[in-house]
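Enquirer: Sequence first, predicted model second:
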Amino acid sequence: MITMTTNTSNNILRSILDKEKLSGTNCLDWHRNMRIVLQHDRKLYVLEKPVREEQPPSFAPKAERDAYKKHVNDANETACLMLATMNS
């Protein structure tokens, strides 16, 4: 039941971005909405902290390697979301 509520609220927030795509004249509104959605998805950090250029070596602690993979995946998902909510 909790998952359904989370998915519903996530879909509602993301629908805001579909309704108001970046068009050039609404940059500040779009940026604010994007930050709201990313904050809700716990991915706002990808805008504020760049991904390391090199992945941790195989002998690095598992937690460090997992954190790097999560950051890369979250950054990729955020980039796709941003591109999908821009007008061509």
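Expert: Structure's in. What do you need?

Enquirer: tell me the SS of Ala60?
Expert: Applying DSSP: H, G, I helix; E, B strand; the rest coil to Ala60 yields a three-state assignment of coil.

Enquirer: what are the phi and psi angles of it?
Expert: When read as degrees, to the nearest 10, the backbone of Ala60 gives phi -70, psi 160.

Enquirer: what's the burial count for it?
Expert: For Ala60, the number of neighbouring residues by other CB atoms under 10 Å comes to 12. C-betas here are computed from N, CA, C, even on glycine.

Enquirer: so how many other residues sit close to the closest residue to Lys49 other than its chain neighbours?
Expert: The shortest distance from Lys49 to any residue that is not its chain neighbour, by CB to CB, 6 or more residues apart in numbering, is 7.8 Å, and that residue is His71. Neighbourhood size, His71 [other CB under 10 Å]: 18.

Enquirer: residue contacts, His71?
Expert: Listed by CB atoms under 8 Å, 6 or more residues apart in numbering, the contact set of His71 reads 45-46, 49, 51-52.

Enquirer: any idea how far the helix or strand hosting it is from the chain center?
Expert: In this structure, His71 is located in helix 62-84 according to DSSP states H and E. A distance of 8 Å separates the centroid of the chain from that of helix 62-84, by CA atoms, centre = their mean, to the nearest Å.
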